[in-house]
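Participant: need a 3D model of the sequence below.
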Amino acid sequence: MAIAIALSTVLSFIKVFQMPQGGSITAGSMIPIIYLALRNRPKVALTGAILYGIVQFMVEPFFVHPAQFLLDYPLAFGALGIATFLKRYPFVGASIGVALRFLCHFLSGFIFFGMYAPEGISPLYYSAIYNGSYLLPELIVTAIFIYILSKKKLIDAFK
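Facilitator: Next up is the predicted model:
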(Lines give C-alpha, C1' and ligand atoms only; values in the text may rest on other atoms or scores of the structure.)
Protein backbone atom coordinates (compact mmCIF):
# COMPACT_ATOMS: atom_id res chain seq x y z
CA MET A 1 0.00 0.00 0.00
CA ALA A 2 2.74 2.46 0.96
CA ILE A 3 4.59 1.86 -2.31
CA ALA A 4 1.44 2.53 -4.36
CA ILE A 5 0.76 5.74 -2.44
CA ALA A 6 4.38 6.87 -2.80
CA LEU A 7 4.48 6.06 -6.51
CA SER A 8 1.18 7.85 -7.13
CA THR A 9 2.49 10.86 -5.23
CA VAL A 10 5.70 10.97 -7.28
CA LEU A 11 3.72 10.61 -10.53
CA SER A 12 1.41 13.44 -9.44
CA PHE A 13 4.40 15.80 -9.58
CA ILE A 14 4.94 15.03 -13.28
CA LYS A 15 2.29 17.35 -14.69
CA VAL A 16 1.45 17.61 -18.35
CA PHE A 17 -1.12 20.33 -17.63
CA GLN A 18 -2.10 22.19 -14.44
CA MET A 19 -5.53 23.75 -13.89
CA PRO A 20 -5.65 27.17 -12.17
CA GLN A 21 -7.77 26.14 -9.14
CA GLY A 22 -6.34 22.65 -8.74
CA GLY A 23 -6.44 19.48 -10.77
CA SER A 24 -3.95 18.40 -13.39
CA ILE A 25 -3.17 15.92 -16.11
CA THR A 26 -0.29 13.85 -14.76
CA ALA A 27 1.97 11.01 -15.83
CA GLY A 28 -0.60 8.48 -14.65
CA SER A 29 -0.82 9.22 -10.94
CA MET A 30 -4.03 7.17 -10.56
CA ILE A 31 -2.47 3.99 -12.00
CA PRO A 32 -0.76 2.71 -8.81
CA ILE A 33 -3.91 3.28 -6.75
CA ILE A 34 -6.13 1.51 -9.31
CA TYR A 35 -3.52 -1.28 -9.49
CA LEU A 36 -3.60 -1.52 -5.68
CA ALA A 37 -7.39 -1.78 -5.81
CA LEU A 38 -7.34 -4.49 -8.48
CA ARG A 39 -4.82 -6.60 -6.56
CA ASN A 40 -6.18 -6.32 -3.02
CA ARG A 41 -9.22 -6.74 -0.85
CA PRO A 42 -11.60 -3.82 -0.28
CA LYS A 43 -10.15 -2.82 3.10
CA VAL A 44 -6.65 -2.39 1.67
CA ALA A 45 -7.87 -0.81 -1.57
CA LEU A 46 -10.14 1.75 0.05
CA THR A 47 -7.73 2.55 2.88
CA GLY A 48 -4.88 3.06 0.42
CA ALA A 49 -6.97 5.26 -1.85
CA ILE A 50 -8.23 7.40 1.05
CA LEU A 51 -4.71 7.75 2.45
CA TYR A 52 -3.49 8.81 -0.98
CA GLY A 53 -6.12 11.57 -0.95
CA ILE A 54 -4.86 12.75 2.42
CA VAL A 55 -1.26 12.69 1.17
CA GLN A 56 -2.35 14.75 -1.85
CA PHE A 57 -3.78 17.33 0.53
CA MET A 58 -0.56 17.37 2.56
CA VAL A 59 1.56 17.83 -0.56
CA GLU A 60 -0.63 20.40 -2.33
CA PRO A 61 -3.20 21.73 0.13
CA PHE A 62 -6.16 23.69 -1.20
CA PHE A 63 -8.60 24.28 1.62
CA VAL A 64 -11.67 26.52 1.79
CA HIS A 65 -14.12 24.52 3.92
CA PRO A 66 -14.19 21.18 5.80
CA ALA A 67 -16.81 19.75 3.41
CA GLN A 68 -14.67 20.80 0.43
CA PHE A 69 -11.70 19.02 2.00
CA LEU A 70 -13.73 15.82 2.38
CA LEU A 71 -15.07 15.99 -1.18
CA ASP A 72 -11.77 16.88 -2.86
CA TYR A 73 -9.41 14.63 -0.96
CA PRO A 74 -10.43 11.51 1.01
CA LEU A 75 -13.74 10.94 -0.80
CA ALA A 76 -12.56 11.81 -4.32
CA PHE A 77 -9.37 9.78 -4.19
CA GLY A 78 -10.97 7.11 -2.02
CA ALA A 79 -13.44 6.55 -4.86
CA LEU A 80 -10.58 5.10 -6.92
CA GLY A 81 -10.52 2.18 -4.50
CA ILE A 82 -13.98 1.17 -5.75
CA ALA A 83 -12.19 -0.67 -8.56
CA THR A 84 -11.53 -3.43 -6.02
CA PHE A 85 -15.17 -4.54 -6.33
CA LEU A 86 -14.85 -5.01 -10.10
CA LYS A 87 -11.60 -6.95 -10.41
CA ARG A 88 -12.95 -9.08 -13.23
CA TYR A 89 -13.80 -5.92 -15.18
CA PRO A 90 -10.78 -3.66 -14.64
CA PHE A 91 -11.77 -1.00 -17.18
CA VAL A 92 -15.25 -0.77 -15.70
CA GLY A 93 -13.80 -0.61 -12.19
CA ALA A 94 -11.29 2.08 -13.13
CA SER A 95 -13.95 4.03 -15.03
CA ILE A 96 -16.42 3.91 -12.15
CA GLY A 97 -13.70 4.93 -9.70
CA VAL A 98 -12.74 7.91 -11.87
CA ALA A 99 -16.41 8.78 -12.46
CA LEU A 100 -17.00 8.84 -8.70
CA ARG A 101 -13.87 10.93 -8.26
CA PHE A 102 -15.27 13.29 -10.90
CA LEU A 103 -18.58 13.45 -9.02
CA CYS A 104 -16.82 14.45 -5.80
CA HIS A 105 -14.76 17.17 -7.52
CA PHE A 106 -17.82 18.29 -9.51
CA LEU A 107 -19.88 18.76 -6.33
CA SER A 108 -17.02 20.55 -4.62
CA GLY A 109 -16.52 22.76 -7.66
CA PHE A 110 -20.18 23.64 -7.92
CA ILE A 111 -20.64 24.32 -4.20
CA PHE A 112 -17.34 25.98 -3.32
CA PHE A 113 -15.82 27.24 -6.57
CA GLY A 114 -18.87 28.20 -8.65
CA MET A 115 -17.90 31.85 -8.16
CA TYR A 116 -15.04 31.33 -10.63
CA ALA A 117 -17.47 30.54 -13.45
CA PRO A 118 -17.30 33.20 -16.17
CA GLU A 119 -20.28 35.54 -16.30
CA GLY A 120 -23.19 33.92 -18.07
CA ILE A 121 -21.90 30.37 -17.52
CA SER A 122 -23.78 28.13 -15.11
CA PRO A 123 -21.66 26.99 -12.14
CA LEU A 124 -22.92 23.44 -12.83
CA TYR A 125 -21.68 23.56 -16.42
CA TYR A 126 -18.44 25.25 -15.38
CA SER A 127 -17.68 22.62 -12.74
CA ALA A 128 -18.44 19.78 -15.15
CA ILE A 129 -16.20 21.20 -17.90
CA TYR A 130 -13.45 22.23 -15.49
CA ASN A 131 -13.18 18.86 -13.77
CA GLY A 132 -13.83 16.80 -16.88
CA SER A 133 -11.07 18.62 -18.77
CA TYR A 134 -8.37 16.98 -16.66
CA LEU A 135 -10.07 13.81 -15.39
CA LEU A 136 -11.03 12.49 -18.83
CA PRO A 137 -7.40 12.57 -20.07
CA GLU A 138 -6.31 11.04 -16.74
CA LEU A 139 -8.83 8.22 -17.27
CA ILE A 140 -7.53 7.61 -20.80
CA VAL A 141 -3.91 7.37 -19.58
CA THR A 142 -4.98 5.09 -16.73
CA ALA A 143 -7.03 2.85 -19.04
CA ILE A 144 -4.10 2.46 -21.44
CA PHE A 145 -1.75 1.39 -18.65
CA ILE A 146 -4.31 -0.92 -17.06
CA TYR A 147 -4.70 -2.56 -20.48
CA ILE A 148 -0.91 -2.98 -20.80
CA LEU A 149 -0.65 -4.41 -17.28
CA SER A 150 -3.47 -6.85 -18.02
CA LYS A 151 -1.78 -8.06 -21.20
CA LYS A 152 1.49 -8.57 -19.35
CA LYS A 153 -0.37 -10.60 -16.71
CA LEU A 154 0.84 -8.26 -13.98
CA ILE A 155 -2.58 -8.08 -12.41
CA ASP A 156 -3.65 -11.47 -11.05
CA ALA A 157 -7.33 -10.64 -11.44
CA PHE A 158 -6.97 -10.63 -15.22
CA LYS A 159 -5.98 -14.33 -15.46
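
Participant: helices and strands around the helix or strand where Lys43 lies, which ones?
Facilitator: Using DSSP states H and E, Lys43 falls within helix 42-59. Counting contacts by 3 or more C-beta pairs under 8 Å, 6 or more residues apart in numbering; DSSP states H and E, helix 42-59 is packed against helix 2-12, helix 31-39, helix 76-78. From N, CA and C alone the C-beta is placed, and that goes for glycine too.

Participant: list of residues touching the helix or strand following that helix?
Facilitator: Counting by DSSP H and E, the next helix or strand C-terminal to helix 42-59 is helix 66-70. By C-beta atoms under 8 Å, 6 or more residues apart in numbering, the list of residues contacting helix 66-70 from outside reads 57, 63, 108, 111-112.

Participant: could I get the buried residue list for helix 66-70?
Facilitator: Buried residues in helix 66-70, counting neighbours by 16 or more other C-beta atoms under 10 Å, are found at 68-69.

Participant: and if you look at stretch 86-102?
Facilitator: 86-87, 90, 93-98, 100-102.

Participant: from those residues, which is closest to Met19?
Facilitator: Phe102 (13.4 Å; C-beta to C-beta).

Participant: if I pick the residue nearest to the closest one when sequence neighbours are not counted, what's in contact with it?
Facilitator: The shortest distance from Phe102 to any residue other than its chain neighbours is 4.9 Å, reached at Leu135 (C-beta to C-beta, 6 or more residues apart in numbering). Shown in contact with Leu135 (C-beta under 8 Å, 6+ apart): 23, 98, 101-102, 105.

Participant: so which strand or helix has Leu135?
Facilitator: Short version, using DSSP H and E: Leu135 is in helix 123-151.

Participant: what is the neighbour count of Leu149?
Facilitator: Residue neighbour count, defined by other C-beta atoms under 10 Å, stands at 18 for Leu149.

Participant: can you check Lys43 too?
Facilitator: 10.

Participant: so for it, what's the pLDDT?
Facilitator: pLDDT for Lys43: 98.

Participant: cool, Lys159 as well?
Facilitator: For Lys159, pLDDT reads 39.

Participant: ditto for Tyr147
Facilitator: For Tyr147, the predicted pLDDT is 85.

Participant: next one: the one 3 residues further on
Facilitator: For Ser150, the model assigns a pLDDT of 80.
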